[in-house]
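**Student:** when you get a sec, could you give me coordinates for this:
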Amino acid sequence: MPVAPRIETITSAANPLVKELRRAIGRGSLTEDGLFVAESFHLLEEALRSGCEIPVVLVSEFAASRVKDSLPRLVVLPDALFQTISTTEASQGVIALVRPPKWTLNQVFALQSLVVVLDGIQDPGNAGAILRAAEAFGATGAIFVKGTVGPQHPKTLRAAAGSLFRLPHVTSLEPPAVSELLRKERVVVYAAMPYTGSEHLAEDVDLRRRCAIIVGGEGHGIGKELYAIAEPIAVPTVGVESLNAAVAAAVLLYEARRQRGTA
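**Tutor:** Residues are numbered from 1 along each chain as shown. Now for the predicted structure:
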């Protein structure tokens, strides 16, 4: 029999929890308690499905009846107050504070490793979409190089659509540390590059090997230090110079899955 949640009501914008949420959202960071700010019923359901700890859920008055009985703590806000902290234009009226899973490098590089390395990705939508594609196509994990938008950014979390609750990842590693790590793990390193005709095509590269695919930022591409240890690969295009970073990553990850016989 489900346990009824502890229900509280907050009506003041000066409430400490409301103020802390605003700070975390404004910084694109975790809360002071180290929690993801996950907005939408989809992310709440994904966190529950993934077995994540959810210490508290904030909900607007109009959406309160849709929240499950199994949550430990439910905080109800007037609709107008909820809108002041919402990160979306058409809010569903629910924000879950989720404890991020703790991942290890052994999990990121598990078995026949397929690791995606985000180097300088600034757009949180692109970062989240890359993580979603990584899970969808069987990657073992992801590395966020320092200078990349973090997985804790609410927009990254939303674009990942729950994958950040399940895909092993590590963050804020400096390029030299990433380079040394990839060497130590003995993975083949590939750099996703715009197609110019001189790169190896993804379909011609053996992605069945333990490997890492580096995806660079939208403006500056892959940093010199990581590019120096990588073999450039590309997706052939017609009529356009290059693909969006998330689209390119998805195509390359799919090709790896296809070659591994699991597509």
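**Student:** from here on, contacts and neighbour counts on C-alpha atoms
**Tutor:** Fine.
**Student:** what about H42, which helix or strand?
**Tutor:** helix 41-49 (DSSP states H and E).
**Student:** tell me the helix or strand right after that helix.
**Tutor:** Read in the C-terminal direction, the helix or strand following helix 41-49 is strand 56-60, with elements assigned using DSSP H and E.
**Student:** next structured bit after that next one?
**Tutor:** Moving toward the C-terminus from strand 56-60, the next helix or strand (DSSP H and E) is strand 73-77.
**Student:** where exactly do the helices run in the stretch 101-250 of the chain?
**Tutor:** Residue ranges of the helices in the stretch 101-250 of the chain, as given by DSSP state H, counting those that start in this stretch, are 105-108, 124-136, 154-160, 175-185, 224-227, 245-259.
**Student:** I'd like these as a markdown table, with mean pLDDT, mean neighbour count and distance to V94 appended.
**Tutor:** Formatted as a markdown table, the helices of the stretch 101-250 of the chain follow (pLDDT from 0 to 100; neighbours: other CA atoms under 10 Å; distance: least, CA to CA, whole Å):
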| stretch | mean pLDDT | mean neighbour count | distance to V94 |
| --- | --- | --- | --- |
| helix 105-108 | 97 | 16 | 31 |
| helix 124-136 | 98 | 24 | 20 |
| helix 154-160 | 96 | 24 | 13 |
| helix 175-185 | 98 | 15 | 37 |
| helix 224-227 | 96 | 15 | 40 |
| helix 245-259 | 96 | 21 | 27 |
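**Student:** out of these, nearest to I7?
**Tutor:** helix 154-160 (24.4 Å; CA to CA).
**Student:** how far off centre is that closest one?
**Tutor:** Distance of helix 154-160 from the chain centroid (CA atoms, centre = their mean, to the nearest Å) equals 6 Å.
**Student:** what's that helix in contact with?
**Tutor:** The contact list for helix 154-160 (CA atoms under 8 Å, 6 or more residues apart in numbering) reads 25, 28-29, 36-39, 43, 87, 124-132, 149-151, 164.
**Student:** what helix or strand does F82 sit in?
**Tutor:** helix 79-85.
**Student:** what does stretch 93-103 rub up against?
**Tutor:** Here stretch 93-103 makes contact (CA under 8 Å, 6+ apart) with 34-41, 43-44, 47, 52-63, 79, 82-83, 86, 165-166, 168-170.
**Student:** repeat that with 7 Å
**Tutor:** Taking CA atoms under 7 Å, 6 or more residues apart in numbering as the criterion, the residues outside stretch 93-103 that touch it are 34-41, 44, 52-60, 63, 165, 168-170.
**Student:** one more: stretch 175-190?
**Tutor:** Among residues not part of stretch 175-190, those counted as contacts by CA under 7 Å, 6+ apart are 145, 210-214, 225-226, 229-233.
**Student:** how near is I10 to V94?
**Tutor:** Summarising the geometry, the distance separating I10 from V94, computed by CA to CA, to the nearest Å, is 14 Å.
**Student:** between the contacts of stretch 175-190, which has the most around it?
**Tutor:** Of all the contacts of stretch 175-190, I214 has the most neighbours under the rule other CA atoms under 10 Å, reaching 29 neighbours.
**Student:** distance between the ends of stretch 63-76?
**Tutor:** Taking CA to CA as the measure, stretch 63-76 stretches 9 Å from start to finish.
**Student:** poorly predicted segments of the chain, please.
**Tutor:** Per-residue confidence of the chain (counting by pLDDT under 70) places the weak regions at 1-5, 69, 198, 262-263.
**Student:** tell me the domain ranges of it?
**Tutor:** For the chain, the structural domains run 6-98, 105-259, going by automatic domain parsing.
**Student:** report the distance from the shortest one to the chain centre.
**Tutor:** With CA atoms, centre = their mean as the basis, the distance from the averaged C-alpha position of domain 6-98 to the chain average is 19 Å.
**Student:** do stretch 178-195 as well
**Tutor:** Distance, stretch centre to chain centre, for stretch 178-195: 20 Å (CA atoms, centre = their mean).
**Student:** please apply the same query to stretch 142-157.
**Tutor:** The offset between the C-alpha centroid of stretch 142-157 and the centroid of the whole chain comes to 6 Å, using CA atoms, centre = their mean.
**Student:** thanks again, I'm all set now.
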